[in-house]
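Visitor: Attaching a predicted model along with its sequence, questions to come.
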Amino acid sequence: MTNKITFHDAAGLERTRRVAEALGVTRPAKHVVTITGTNGKGSTASLCETIALSAGMSVGVFTTPHIYKYNESFRINGEDIDDRSMLKALHRVACVSRGQDPATVPLDMSIFGGQRSVKDACLGGADPKIPLHPYELLALVALVLINESQVDVAILEVGIGGRWDAVNVVDADVAIVTAVDIDHCEYLGPDRETIGRSKAGIFRANGVVVLGELDPPASVLEEAAQLGCRVLRNGEGFSTEPSGDGWLLHWPDQSLRLPPPAMPAPIQITNGAVAATALRAIHPGLRESEIADAIAVARAPGRLEKVAHAFADVFVDVAHNPHAAKEIAAWIDQKSKWRRVLAVFGTYNDKDVSGIVAELQGRVSQWFLCGLQDFNRRGFTADQLREAIAPQVHVESIQLFETVGPGFKAACEQAQEGDLVLVFGAPPMLAVAMAG
């Protein structure tokens with residue numbers, strides 16, 4: 001076996017499936033909701049989770065990426081998994097993947113001395129005997145934790161694509177596609193139709209499919225039709241409209257009056273509608289008050305999350321592709337209250353930096369470009385980022401920083417009352433800003 005997999009490689013998914021079967025976690029909960037999409041997965045997962053909890057259901061959640069610690073990826077009934085529970089699950093999965101009995105191999109809590117040691121010890125970094133890719137192992141850990149908790153609903157977020165993603169070893173009762181746009185082309189293909197077909201790989205025969213887009217790719221609809229899925233599509237199975245300070249969610253047999261989502265981006269209304277529609281499919285008795293209570297409080301880390309600052313507004317967001325940048329632009333336009341926008345940005349070298357900047361044209365007054373190579377070898381240096389955006393941005397509006405900390409500090413120092421400091425891009429950007 002090899003540590004290296006390709007997301008188009010059926011053998012990679014089969015390897016994960018074999019370990020999942022050996023662990024007994026291929027059906028981790030009574031109901032399973034699987035969520036894919038170019039953006040909006042984490043927000044929708046949080047909304048699904050909060051609605052389910054509001055309705056009295058117990059819930060296990062797997063989401064990625066984390067911002068501070070791996071524990072953030074695993075939640076049971078709204079709480080992150082503690083270190084020891086996570087280590088025991090990591091230990092069990094790693095042993096089973098090597099053909100070992102976990103009871104005969106001692107636990108080593110010392111790996112929680114730092115994130116690097118966790119990765120090296122548990123995620124196939126320093127131990128070549130672990131025949132799993134890091135993401136495969138994390139997904140299996142999530143299934144173990146959720147299965148052991150005996151929850152009513154498992155909510156599983158796809159990492160990349162759908163068909164060959166590790167969570168797809170589990171059959172979903174409800175499959176959500178939030179949106180399909182261009183990202184991860186090296187794995188998923190060059191256009192929306194090809195990418196959509198990959199994401200539709202999470203659909204199951206006669207299952208329920210919830211689509212967040214008004215105009216999803218034809219490939220998604222074709223896959224659902226071939227499998228005989230019940231499709232609840234934005235504009236047909238459900239719809240939304242503004243109403244006073246809140247909004248209306250319309251189903252064919254009912255309309256609900258709901259409050260503004262706690263997460264501020266305009267797209268969160270659609271995500272809230274998708275989540276409520278998905279939960280109603282597995283819990284028909286869902287009440288308006290339960291949905292309203294959840295919408296008003298549901299949050300996901302790093303989704304236009306506000307950070308305390310003396311006088312400027314500081315927000316952080318995990319936007320990492322043009323589609324996500326477009327949603328940030330819509331949020332800025334909707335607010336229309338800031339004198340200047342100071343953007344602190346850093347990302348990885350497989351991202352469409354030019355496309356991201358294009359979506360924010362005319363909105364950012366100053367760019368603070370931060371290198372990320374100290375966090376990840378895929379990280380752009382500040383010089384590489386400048387080269388990528390130079391054709392679109394005045395050179396005098398660019399400042400360069402080798403690492404995130406100095407860039408964030410400089411933006412906050414230069415911010416004046418009425419300014420927005422927007423920190424976005426790869427997760428390490430957010431971790432530094434949120435740590436202050």
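Guide: Arrived safely, thanks for sending.

Visitor: domain assignment for the protein?
Guide: Annotated domains of the chain cover 10-295, 305-434 [automatic domain parsing].

Visitor: Mean pLDDT and mean neighbour count added to those domains, as TSV?
Guide: Every residue, glycine included, has its C-beta placed from N, CA and C. As requested, the domains of the chain are arranged in TSV below (pLDDT from 0 to 100; neighbours: other CB atoms under 10 Å):
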stretch	mean pLDDT	mean neighbour count
domain 10-295	89	20
domain 305-434	91	19
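
Visitor: Helices of the stretch 51-200 of the chain, residue ranges please.
Guide: 83-97, 115-122, 134-149, 185-188, 192-199 (DSSP state H, counting those that start in this stretch).

Visitor: Contacts only, for Ser239.
Guide: Contacts for Ser239 (CB atoms under 8 Å, 6 or more residues apart in numbering) come out as Leu249, His250, Ala273.

Visitor: Report back the residue of this structure that's furthest from centre.
Guide: The outermost residue of the chain relative to its centre, with distances by CA atoms, centre = their mean, is Thr104 at 35.8 Å.

Visitor: Quickly note the distance from that one to Thr16.
Guide: 23 Å (CB to CB, to the nearest Å).

Visitor: With Ala172 instead?
Guide: Taken as CB to CB, the span from Ala172 to Thr16 is 16 Å.

Visitor: do the same with Gln334
Guide: In terms of CB to CB, Gln334 sits 41 Å off from Thr16.

Visitor: likewise Ser365?
Guide: Distance of Ser365 to Thr16, computed by CB to CB: 46 Å.

Visitor: Give me the phi and psi for Leu211.
Guide: Backbone geometry at Leu211, expressed as degrees, to the nearest 10, gives phi -110, psi 120.

Visitor: Please name the nearest non-neighbouring residue to Arg75.
Guide: Distance criterion CB to CB, 6 or more residues apart in numbering; nearest residue to Arg75, sequence neighbours excluded, is Val61 at 4.3 Å.

Visitor: ok, what's across the strand from that neighbour?
Guide: Counting by DSSP bridges, Val61 forms beta bridges with Arg75, Ile155.

Visitor: residue ranges for the strands of the stretch 101-250 of the chain, please.
Guide: 153-157, 174-177, 208-211, 230-233, 239-243, 246-251 (DSSP state E, counting those that start in this stretch).

Visitor: got CSV for those strands, with distance to Ala22 too?
Guide: Compiled in CSV, the strands of the stretch 101-250 of the chain are given as follows (distance: least, CB to CB, whole Å):
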stretch, distance to Ala22
strand 153-157, 19
strand 174-177, 25
strand 208-211, 29
strand 230-233, 33
strand 239-243, 44
strand 246-251, 41
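
Visitor: can you tell which of these is closest to Thr38?
Guide: Proximity to Thr38, assessed across the strands of the stretch 101-250 of the chain by CB to CB, is greatest for strand 174-177 (9.3 Å).
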